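Chemist: here is my input; please provide its structure:
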Amino acid sequence: MVLPQAVLAVLLVINEILNAGDAITAFSLLLYSLTFNLRERVARAFALLLACVVLGHFGDVLVSTAYSQTELALWLRMQWLAIGLLPAAYMHLTDALLAATGRPSRGRRGMAVRIGYVVGAALAVAVGLGDGVVDGVAQQASAAYLRPGPLFYLYTVFLTASLIISGRNLYRAYLRCLTRTSRRRMVYLMLGAVGPVLSIFPFLTFAGPLMLAVPVLFWSVQILTNIYVAGSLVLMAYSVAYFGVSYPDRVVKSRLFQWILRGPVVASTVLAVMVLVNRAASLFGLEQSRLVPFAMVASLLLLQLLITLIRPPIERWLFYGEDRIEVARLHLLEERLLTSGDLRQFLESILNAVCDIHRTPSAFFAVVGPNGLDLEVAVGPGDPIRQMEDIPPLLMSEGQFDVPALGKVFNWGSHWLIPLRTAETHELIGLLGMQARSAQPDFSSEEAVALHGLADKAAVALTDRLLQREVFGVVDRLVPQVEAIQRMRAASRFAGIGELGMPTDFVRTETDLIDFVREALGHYWGGPRLLQSPLLGLRVVSHSLAEHDGNPVNALRAILKRGIDRTRPEGERRFTAEWMLYNILEMKFLEGRKVRDVALRLAMSEADLYRKQRVAIEAVARAIAEMERQAGNDGVSGDESRASRAPSTHSEN
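Modeler: Numbers count the residues shown, from 1 in each chain. Purely as a prediction, here's the structure:
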């Protein structure tokens, strides 16, 4: 009997650690979704599902540490907020997935999600207020659970129905994925979707006495389940991370991998160390030992060091694939990049060496810019460039001195100037100047050799900076095109190849469209957000160019006005709730009134006005999206009709 009890005690400790680890993992991934991908509907729905998992596992941790029956009952009933909302969260997530793959809801799926949330909230309230769904607390084999009430099995039916709907939505979303990569990620999502159900559903309430008949077996299965749940959450987070982002796959993987390492892995490991050291200290009679905080701090620092050492090679091996060489070159450029601050620091050290060698109080570097010579860095008193009216051309014959081992040196007032040229083209890129000690150069051979070496080093640094500027110029021209390609690639991951036909400077997502409409309306009567709006790439705008003398800005302004008019109710204008959205749009954007004036005219607070304005802009965005779809359909119909009217070669013969 002693051995099974010892095994059971070990299993309980492991299960307690894994429960807390699952809660930490779910909470960390929830923060990840809210931080990096909140604008995407799929990510928001996944965040709600993660919130249920966090609450459920957090309740398990509190239950395992409760000291009284009252506290035990409180935490067990609190978990029903997650248990009740879980079915609706599943339907919400799968509905968002199906919409993201190009099959938006026509009303029925959205209504099912709303009904699910209402039923789930009602179940949670019923559990908190009475014993209809669950009854009192039962304890068996170190496990505590609530006994089933008369309505509990109705919840089981509700969960089963919602899972069937969710599974069907997931399968439909999988069928709509056209690429091998998107299908693989959807499979990951389907495999991971089982985990939250296993972690949240109250199996002990459903069949507690039967499951706890063999405690060692039950807790062993529970440990395996907790391990699977952690893996399933990571699988789901990995799949969801690609929705709504235009970053390359390697960036998404690297960011999530680093987040998991520094979040769930570190936090769970430190927690495990704390529990194990605390239990070990208790066995040796060292309660309240200082070993616990020492072990926690040591494990935290060691884990951070280990992650810093192993993360880069693991990322290169796992995520970069055939692109390792290209990415390594980019990382090398990032690490070796000579910034303006680095260049000034290097040139200043050279100038200090020049002053030491030549025994002069001041020296400077001037670089050749588009407007002439500019002082880059100087040591010693004064600004020699500004003190002198002009620098004579360096090719003039007077004032030149040939110094052995140094080359030509030019006299400029009270300074000696040494030209700095590129190694390949010998183009002048700058000057090394130093205060003169005499009317003619009096450099010794050792000084001349040393100054020549320092001047060459400065020329190499200035040449590298010029090359980097050329690289940055190319990058500045390349980035907008790359971003457009990445946006199209991201849009076609799950929504299909039809997204590749959209304009390159326009992102066909609901959130982006709303943002673009808001910015364009803010500059309705002129401004960069209207003149440079991505909405100028819409088909409906290009179709309206002929009506506005080929002016795309006026065409976009007309489309925005048409979208606002679509929010106008029938009949004569009034200042009632029905006309609220149109009145806000018309007074705020078309008439250009101030927020305070509009709020006073509509008899509402400014905070309420901003909320209603957001709803109004969303209505305009929906209207423009509908116009864009109609323009696309008209374009396709026009092409087909022109094709049907084209003369046939056979008929001509």
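Chemist: list the contacts of residue 14.
Modeler: The neighbours of residue 14, taking Cβ atoms under 8 Å, 6 or more residues apart in numbering as the test, are residue 223. For glycine as for every other residue, the C-beta is placed from the backbone atoms N, C-alpha and C.
Chemist: so what pLDDT did it get?
Modeler: As predicted, residue 14 sits at a pLDDT of 89.
Chemist: that one: which element?
Modeler: Assigned by DSSP states H and E, residue 14 belongs to helix 2-36.
Chemist: please state the offset of the helix or strand following that helix from the chain centre?
Modeler: Counting by DSSP H and E, the next helix or strand C-terminal to helix 2-36 is helix 41-64. From the chain centre to the centre of helix 41-64 is a distance of 21 Å (Cα atoms, centre = their mean, to the nearest Å).
Chemist: so which elements touch the helix or strand just after helix 41-64?
Modeler: Next along the chain after helix 41-64, taking DSSP H and E as the criterion, comes helix 69-78. Applying 3 or more Cβ pairs under 8 Å, 6 or more residues apart in numbering; DSSP states H and E, one finds that helix 69-78 contacts helix 41-64, strand 134-140, strand 143-148.
Chemist: among the ones you listed, which is the most enclosed?
Modeler: Sort the helices and strands packed on helix 69-78 by mean neighbour count, taking mean count of other Cβ atoms under 10 Å, and helix 41-64 sits at the top with a mean of 22.
Chemist: next, the angle from that one to helix 2-36.
Modeler: 150 degrees (axes from the mean of the first three to the mean of the last three Cα atoms, to 10 degrees).
Chemist: against residue 525, how distant is residue 182?
Modeler: Distance check for residue 182 against residue 525: by Cβ to Cβ, to the nearest Å, it reads 43 Å.
Chemist: go on, residue 422?
Modeler: Distance, residue 422 to residue 525, using Cβ to Cβ: 51 Å.
Chemist: those two: which has the busier surroundings?
Modeler: Between residue 422 and residue 525, counted using other Cβ atoms under 10 Å, the more crowded position is residue 422 (15 against 10).
Chemist: doesn't residue 459 make contact with that one?
Modeler: Yes - assessed by Cβ atoms under 8 Å, residue 422 is found in contact with residue 459 at 7.0 Å.
Chemist: for those two, list the residues in contact with both.
Modeler: With Cβ under 8 Å, 6+ apart, residue 422 and residue 459 have common neighbours residue 429.
Chemist: for the helices and strands packed on helix 69-78, which one sits closest to residue 318?
Modeler: helix 41-64 (22.9 Å; Cβ to Cβ).
Chemist: for that closest one, what is the average pLDDT?
Modeler: Per-residue pLDDT over helix 41-64 has a mean of 90.
Chemist: again, but for stretch 18-30
Modeler: Stretch 18-30 comes out at a mean pLDDT of 90.
Chemist: show residues contacting that stretch.
Modeler: Counting by Cβ under 8 Å, 6+ apart, 47, 50-51, 53-54, 57-58, 60-61, 64, 199, 223, 226-227, 229-230, 233-234, 237, 259-260, 263-264, 267-268, 271-272 sit against stretch 18-30.
Chemist: residues in contact with residue 551?
Modeler: Contacts of residue 551 (Cβ under 8 Å, 6+ apart): residue 545.
Chemist: can you check what pLDDT the model gives it?
Modeler: For residue 551, the predicted pLDDT is 79.
Chemist: and the gap between it and residue 561?
Modeler: Residue 551 is 14 Å from residue 561, by Cβ to Cβ.
Chemist: tell me which helix or strand residue 416 sits in.
Modeler: In this assignment (DSSP H and E), residue 416 forms part of strand 415-421.
Chemist: next helix or strand past that strand?
Modeler: Going down the chain from strand 415-421, the next helix or strand is strand 428-435, by DSSP H and E.
Chemist: avg pLDDT for that next one?
Modeler: 84.
Chemist: parallel or antiparallel, list what pairs with it.
Modeler: According to DSSP bridges, strand 428-435 forms sheet pairs with strand 363-369 (antiparallel), strand 415-421 (antiparallel).
Chemist: just send the ones you listed back as JSON lines, with distance to residue 556 too.
Modeler: Output for those, formatted as JSON lines (distance: least, Cβ to Cβ, whole Å):
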{"stretch": "strand 363-369", "distance to residue 556": "40"}
{"stretch": "strand 415-421", "distance to residue 556": "51"}
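Chemist: how much space between the residue nearest the centre of the chain and residue 48?
Modeler: With distances taken as Cα atoms, centre = their mean, residue 36 lies nearest the centre of the chain, 3.2 Å away. Going from residue 36 to residue 48 by Cβ to Cβ gives 16 Å.
Chemist: element containing residue 621?
Modeler: Assigned by DSSP H and E, residue 621 falls in helix 606-645.
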